[in-house]
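> just to be clear, the model below is a prediction. Sequence and coordinates:
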Amino acid sequence: MKSERATQLSELKEMQQRNAELEQANKNLSATPQNAEVENKVLQRRLSDWESNTVPSLRKALKDVAMEKDAAVFS
């Protein structure tokens, strides 16, 4: 009878440990989509900033180079 209780107690402890591990894994999996969403928003913001700040200056630089090339061809 005592060994049966000891076995049951041991099994209960193992199940509690496994339950705690599964709860942690579930918490990690639940956080993953939220983290991905936050990262996606950050990347979208960076892309938007890049498009509004860097692309126009690159276009201007290309236009200037093209004008210099045209001026060099005509001189």
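Good, I have the coordinates.
> tally of neighbours for D49?
By other Cβ atoms under 10 Å, 10 other residues sit near D49. Quick note: C-beta positions are derived from backbone N, CA and C, even for glycine.
> could you do the one 3 residues further on as well?
By the criterion of other Cβ under 10 Å, S52 has 9 neighbours.
> how about it, secondary structure?
Secondary structure, DSSP: H, G, I helix; E, B strand; the rest coil: S52 is helix.
> show me the contacts for it.
Going by Cβ atoms under 8 Å, 6 or more residues apart in numbering, S52 touches no other residue.
> okay, it: pLDDT?
Per-residue confidence (pLDDT) for S52: 92.
> low-confidence ranges in this structure?
75 (pLDDT under 70).
> swap the cut-off to 80 and go again
1-2, 70, 72-75 (pLDDT under 80).
> where do the helices of it begin and end?
Secondary structure of the chain (DSSP state H): helices at 2-74.
> now the farthest one out in this protein, which residue is it?
Residue farthest from the centre of the chain, counting by Cα atoms, centre = their mean, is M1 at 54.2 Å.
> and that residue, how far is that from V73?
103 Å (Cβ to Cβ, to the nearest Å).
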